[in-house]
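A.B. asks: Give me a 3D structure for the following:
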Amino acid sequence: MKLSLMSLGDVVTDPVTGRTETAAERHRAIVEAAVAADQVGFHCVHVGEHHGLDYTTSAPPVILSAIGERTTRLRLSTAVTLAANLDPIRVAEDYATVDALSGGRCEVVVGRGNFFVSTYTLFGQQLTDSHELFAENVELLTQLWAGKEINWPGSRHRAPISDFTVQPAPVGPLPVWIGGGASESSTELAARLGLDLMLPSAFGNPEMFKPVVDSYREKFASYGHPRPPRIGACWHVNVADTSQAARERWEPRYRNYFELMMTIISRVNPDPPPFIKKPFDFEFLTTRGPAIVGSPAEVADRLNTWSQLLSTDTNLIYMDMGGQLAGEYRDMVELIGSAVIPQLH
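C.D. replies: Numbers count the residues shown, from 1 in each chain. Just a heads-up that it's a prediction; the model follows:
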């Protein structure tokens, strides 16, 4: 199992200390935590992308380039790149540049971002076009990152492209994941194009994604791709030396993040998914849900259990949420490296 660090850059007052880190401090904390992750054996770092929300990381390729200059082994990725909203040529150039600068360490998780309706409004788009925009842009990206010269006939969403090759070229074909699983169209797209699947497993009971994985594997095999697919998952995690210390420290912060997420999605989505309406239940979320909290042994056991259930070879952990301070965040990264990673299957 490969373990990766994930951050969405939420900015909120810490309910434990009453302090609110600035956007600049949050960016710096992500970079420093990634440097620590590189040193203790993490596989990758994934940075989220949002626009006009209470998540401050709007430019992942810039952050990843900063991390790339401070690390040597860590792969550099996203959570997610908003492929339906952004121009695919601009996206291709940005991440090909990260790949070139880092010596071929970049890979991208693309997502439709349809939870955040306001982003489509901000970019002058219609949510009803999201499936079409996403499929068209992702297919273009795979061709651009494969080093192909692009001749695109155009569509109702963008002008034609003639005799174009992305510069700089990525070091090699840039790996692409589809972030999805709630929509059958996303898994079908990933299977058809031979792309890996990153599950939104932090948004519900992990068991609900088992049929998604089975269906995706069947579809992937039916297209005759020459390699097996990779499957990833995302988890909310907090670790301390003892279970009691982790739970006591995290409960107010996880509650804080949960309330922030409910507020944001309710504000920007007129028809939010059902899980948003459920009250915060720390006990359920940390025993049967997507949250993993406890001692290193407990965290490793849960990661192993969910990884086996969903056949995941890559697991992303999101720890700097709800006001978590930078120093404690880095300490957790180091504890994961010394005491959790050695116990993973």
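A.B. asks: Just give the closest residue to residue 147, not the sequence neighbours.
C.D. replies: residue 169 (5.7 Å; CB to CB, 6 or more residues apart in numbering). All C-beta spots, glycine's among them, are computed from the backbone N, C-alpha and C.
A.B. asks: for the protein, which strand is longest?
C.D. replies: What stands out as the longest strand in the chain, according to DSSP state E, is strand 231-239.
A.B. asks: So the residue nearest to residue 147 is in contact with residue 100, correct?
C.D. replies: Yes - the criterion here is CB atoms under 8 Å, and residue 169 meets it with residue 100 at 7.5 Å.
A.B. asks: Now do the contacts for residue 170.
C.D. replies: Going by CB atoms under 8 Å, 6 or more residues apart in numbering, residue 170 touches 95, 96, 99, 100, 104, 106, 145, 147.
A.B. asks: Any stretches of the stretch 201-345 of the chain with poor pLDDT?
C.D. replies: Regions of the stretch 201-345 of the chain meeting the criterion pLDDT under 70 cover residues 273, 275-276.
A.B. asks: What segments of it are helices?
C.D. replies: 210-222, 243-268, 282-287, 296-310, 326-335 (DSSP state H, counting those that start in this stretch).
A.B. asks: Let's have the ones you listed in a markdown table, adding mean neighbour count and distance to residue 21.
C.D. replies: Listed next are the helices of the stretch 201-345 of the chain as a markdown table, based on neighbours: other CB atoms under 10 Å; distance: least, CB to CB, whole Å:
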| stretch | mean neighbour count | distance to residue 21 |
| --- | --- | --- |
| helix 210-222 | 16 | 35 |
| helix 243-268 | 18 | 13 |
| helix 282-287 | 16 | 23 |
| helix 296-310 | 19 | 24 |
| helix 326-335 | 18 | 7 |
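A.B. asks: Pipe these into TSV and attach distance to residue 31 per row.
C.D. replies: Shown next, in TSV, are these (distance: least, CB to CB, whole Å):
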stretch	distance to residue 31
helix 210-222	33
helix 243-268	21
helix 282-287	29
helix 296-310	24
helix 326-335	10
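A.B. asks: show me where the chain has strands.
C.D. replies: With DSSP E as the criterion, the chain has strands spanning 2-7, 44-47, 75-78, 81-82, 108-111, 150-152, 161-164, 176-179, 196-198, 231-239, 291-294, 314-318.
A.B. asks: which residues in the stretch 1-150 of the chain form helices?
C.D. replies: With DSSP H, counting those that start in this stretch, the ranges of helices along the stretch 1-150 of the chain come out as 23-40, 60-70, 88-102, 117-122, 130-145.
A.B. asks: Out of the ones you listed, which is closest to residue 308?
C.D. replies: Of all these, it is helix 23-40 that lies closest to residue 308, at 23.5 Å by CB to CB.
A.B. asks: what comes up buried for stretch 134-146?
C.D. replies: 134, 135, 136, 137, 138, 140, 141, 142, 143, 144, 145 (16 or more other CB atoms under 10 Å).
A.B. asks: Residue 171 contacts residue 98, correct?
C.D. replies: No - between residue 171 and residue 98 there is no contact under CB under 8 Å: 10.4 Å.
A.B. asks: Comparing the two, which residue is more hemmed in?
C.D. replies: Between residue 171 and residue 98, counted using other CB atoms under 10 Å, the more crowded position is residue 98 (25 against 15).
A.B. asks: show me what contacts that one?
C.D. replies: Contacts of residue 98 by CB under 8 Å, 6+ apart are 61, 64, 65, 68, 76, 106.
A.B. asks: Go ahead and confirm the first one touches residue 94.
C.D. replies: The reference is to residue 61. Yes - under the criterion of CB under 8 Å, residue 61 makes contact with residue 94 at 4.1 Å.
A.B. asks: Quick check: closest non-adjacent residue to residue 206.
C.D. replies: In space, residue 206 is closest to residue 306, 5.0 Å off (CB to CB, 6+ apart).
A.B. asks: got the phi/psi numbers for the residue nearest the centre of the chain?
C.D. replies: The structure's the chain has its C-alpha centroid closest to residue 79; by CA atoms, centre = their mean the separation is 2.3 Å. Phi and psi for residue 79, reported as degrees, to the nearest 10, are phi -150, psi 70.
A.B. asks: closest one to residue 33 among the strands of the chain?
C.D. replies: Closest approach to residue 33 among these (CB to CB): strand 2-7, 6.4 Å.
A.B. asks: Would you mind pulling the contact partners of that closest one?
C.D. replies: Here strand 2-7 has contacts from 30, 33-34, 37, 41-48, 57, 75, 77, 79, 232, 234, 303, 313-320, 333, 336, 340-341, 344, using CB under 8 Å, 6+ apart.
A.B. asks: same deal with stretch 149-158?
C.D. replies: So stretch 149-158 is contacted by 87, 129, 132-133, 136, 140, 143-144, 160-165 (CB under 8 Å, 6+ apart).
A.B. asks: want to throw the residues you listed into TSV with distance to residue 268 and pLDDT?
C.D. replies: Converted to TSV, those look like this (distance: CB to CB, whole Å; pLDDT from 0 to 100):
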residue	distance to residue 268	pLDDT
87	22	96
129	17	97
132	21	97
133	18	97
136	24	97
140	27	96
143	32	94
144	30	95
160	33	95
161	31	96
162	37	96
163	39	97
164	34	97
165	37	97
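A.B. asks: Of the contacts of residue 98, which is the most crowded?
C.D. replies: Using other CB under 10 Å as the neighbour definition, these reach their maximum at residue 64, which records 31 neighbours.
A.B. asks: For the closest residue in space to residue 174 that isn't next to it in sequence, give me its contacts.
C.D. replies: Nearest non-adjacent residue to residue 174, counting by CB to CB, 6+ apart: residue 145, 3.9 Å away. Residues near residue 145 by CB under 8 Å, 6+ apart: 92, 95, 96, 166, 170, 173, 174, 176.
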